[in-house]
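Chemist: Provide a 3D model corresponding to the input given below.
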Amino acid sequence: MVQAPRSIRSKKTFSIALLLAGSTLTSAAQAHFPWLIRTPEGKAALFFGEGLADRTYKLPPSIAKAEIKRMQPGGELSVLTVTPFESSDFVGLISKEEIGADDTLVSQVTFGIYNGGKLEYYAMHQGGKFPESFSATAHEKTEGLVAQVVDTSSGVDVYVLWHGAPLVDAEVHLYCAEGHEEGTAKTNSEGKVSFTDGQVEEGLNAIMVGHTVKEAGNLAEKSYESASHYLTLTFVDPEDAEPAPSEPAKTDTSSLPPIPFSITSFGAARCADSIYIYGGHTGTAHSYYDESQSSKLLMLDLNEQQAGWQKVAEGERLQGLGMVAHGDRVILIGGFSAKNKEGEKHDLHSQATVRAFDARTNQWSELPALPAGRSSHDAAVIGDTLYVVGGWNMSGSAETEWHTTALAMDLSAADPQWRPLPEPPFQRRAIATVAHAGKLFVIGGMNQAGGPTRAVEIFDPQSQTWESTGELHGENAMAGFGAAGWSADGQLLVTTYEGDIQLYDDTNKSWKVQGQTAEARFFHRLIPLAATELVQIGGANMESGKFLELEVVTRR
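Modeler: So this is what the prediction gives:
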């Protein structure tokens, strides 16, 4: 869900009007504009309103066709997949892909003819740590209006370009998240205006600028004599965009009920307002038998926490499985089952089964099975695509085969089928696989040759390529074995066996240790509670054993 805007202060709210002759905005009449933001869940969102706080206006047909594009560092644009979204506090378009906190978003759409003139709208969201000087290189070939915010010692500078050249003598307005005008200024010969730290408010801000030119033409069988171009750009106060503090706060776990039995190597996912866990190993380390594997699907309703964990379904005894949420379903992928009894020789078999549990109907359904049995892998969803990476195939007394493939399946397809991805440059199990910023992160694990690793690889669905990025921090390679991760509010966090809370720096492609968990765990799961809260579930520590209690990590 998209967070509702902050409560309105007593300060007079603003109104914006179109002035179709000249390049200024007046308060003669109200008007609506498209705005681009990044949601707390890390998605791109576009809405049409009078200001940043006006997020429930129905999209006009022309605006509903708007594309949202992510701008790459070199200026190249990639189109995001968007879907209409409507709730009590938001009406607009939301991307299926997650975007990084450093990403810049752009959109351009023609509204139509108004009072004999064409209306052209541009919307931007500038993410990440801002540059300290302006470079027009990335915008040299940009058509229409574009702006860039630059951090200064006293506030911000805003540079406005028209077809790649400075837009001179244009009136630029600065607004806060609640819709109040905090400042206005006209661009100089460089296309620049400056706003102070006192004008730029904590959190989300926006600038708006208009530019009208003489231009004759026809649109939808209507003629026009001029064209008015309007740009909105949102950004987070650069002082708020600095790296997270060195140690995030930890809450006590008394408000979250413990799991009913201790487990490792299980599946977990959040679906709507509930957390689901399935399967897992309940016995002692390295002792696997049928009764030591859970067959239960447990659910914790976050709105009814006092009810505790409830068994909502049962199935095969499994551990080492992947589990994801998609829409109203939680999906179980693979895992292994022990066919032997306690005390007997291990007879372990990786499964190819893929099953979905509908949280609305409490019914199971079958999805296409994996091409081969797979366990000790992990899975993640980007948009409507389910990805499976890593693991091995155990077949009783036969030799275990390490998987060299990664797979994907379009869950929105009428006839979903597994397809291979470009071959990963590794063979690894006991990994954490996380969807972050529209890409797939494969974190740590155990190599087929070489033992535990802190290495991290990234798969880009757009370019269909793999690349290595910075390793996890740790005293030894075990720090990456059985780690857990999640992308919360556009930031990728991982918790490790050594107890580190590590944050991925998208800009520098490296990890930063943000603090320590109260209990160091591995083969646990990390699941979101809120925009800045994650919860550690299950897992074990070699010294203290397995955990029933949950631990909440709050990222400030």
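Chemist: any idea how far Met124 is from Pro422?
Modeler: 33 Å (C-beta to C-beta, to the nearest Å). (C-beta placed from N, C-alpha, C; glycine too.)
Chemist: Oops, could you answer that again for Met446 instead?
Modeler: Using C-beta to C-beta, Met446 is found at 22 Å from Pro422.
Chemist: ok, the two, which is more surrounded?
Modeler: Met446 (22 against 12; other C-beta atoms under 10 Å).
Chemist: Enumerate every residue touching the nearest residue to Ala101 once chain neighbours are set aside.
Modeler: Excluding the flanking residues, the one nearest Ala101 by C-beta to C-beta, 6 or more residues apart in numbering is Gly490, at 4.3 Å. Gly490 makes contact with Arg38, Gly42, Glu98, Ile99, Gly100, Ala101, Ala437, according to C-beta atoms under 8 Å, 6 or more residues apart in numbering.
Chemist: Which one of those is nearest to Glu225?
Modeler: Nearest to Glu225 out of the contacts of Gly490 is Arg38 (C-beta to C-beta; 37.7 Å).
Chemist: Mind listing the residues bridging to the closest one?
Modeler: Beta bridges link Arg38 to Ala44, judged by DSSP bridges.
Chemist: surely it meets Glu98?
Modeler: No: judged on C-beta atoms under 8 Å, Arg38 makes no contact with Glu98 at a distance of 9.5 Å.
Chemist: ok, back up a step: gap between the residue nearest to Ala101 and Ala437?
Modeler: From Gly490 to Ala437 the distance is 7 Å (C-beta to C-beta).
Chemist: hey, what's in contact with both of the two?
Modeler: Residues touching both Gly490 and Ala437 by C-beta under 8 Å, 6+ apart: Gly42, Glu98, Ile99, Gly100.
Chemist: so of these, which ones are in strands?
Modeler: Among the shared contacts of Gly490 and Ala437, the ones falling in strands (DSSP state E) are Glu98.
Chemist: which one among the shared contacts of Gly490 and Ala437 gets closest to Ala66?
Modeler: So of these, ranked by how close each gets to Ala66 (C-beta to C-beta), first place is Ile99, at 16.0 Å.
Chemist: residue contacts, that closest one?
Modeler: So Ile99 contacts Arg38, Gly42, Lys43, Ala44, Arg70, Leu80, Leu105, Gly127, Ala437, Gly438, Gly490 (C-beta under 8 Å, 6+ apart).
Chemist: One more: Lys341?
Modeler: Listed by C-beta under 8 Å, 6+ apart, the contact set of Lys341 reads Tyr289, Asp290, Glu291.
Chemist: Show the contacting residues for the nearest residue to the first one once chain neighbours are set aside.
Modeler: In other words, Tyr289. Nearest residue to Tyr289, sequence neighbours excluded (C-beta to C-beta, 6+ apart): Glu342, at 4.4 Å. Taking C-beta under 8 Å, 6+ apart, we find Glu342 in contact with Ser287, Tyr289, Glu291, Ser292.
Chemist: Show the pLDDT at Glu342.
Modeler: In this model, Glu342 is scored at 95, pLDDT.
Chemist: got it, and the one 3 residues further on?
Modeler: Per-residue confidence at Lys345 stands at 96 (pLDDT).
Chemist: ditto for the one 3 residues further on
Modeler: Leu348 is assigned a predicted lDDT (pLDDT) of 98.
Chemist: Also the one 10 residues further on?
Modeler: The pLDDT attached to Asp358 in the predicted structure is 96.
Chemist: And for Leu25?
Modeler: Reported pLDDT for Leu25: 40.
Chemist: With the one 3 residues further on instead?
Modeler: As predicted, Ala28 sits at a pLDDT of 25.
Chemist: same question, Glu201
Modeler: Per the predicted model, pLDDT is 88 at Glu201.
Chemist: swap in the one 3 residues further on?
Modeler: The score at Leu204 is 90. That number is its pLDDT.
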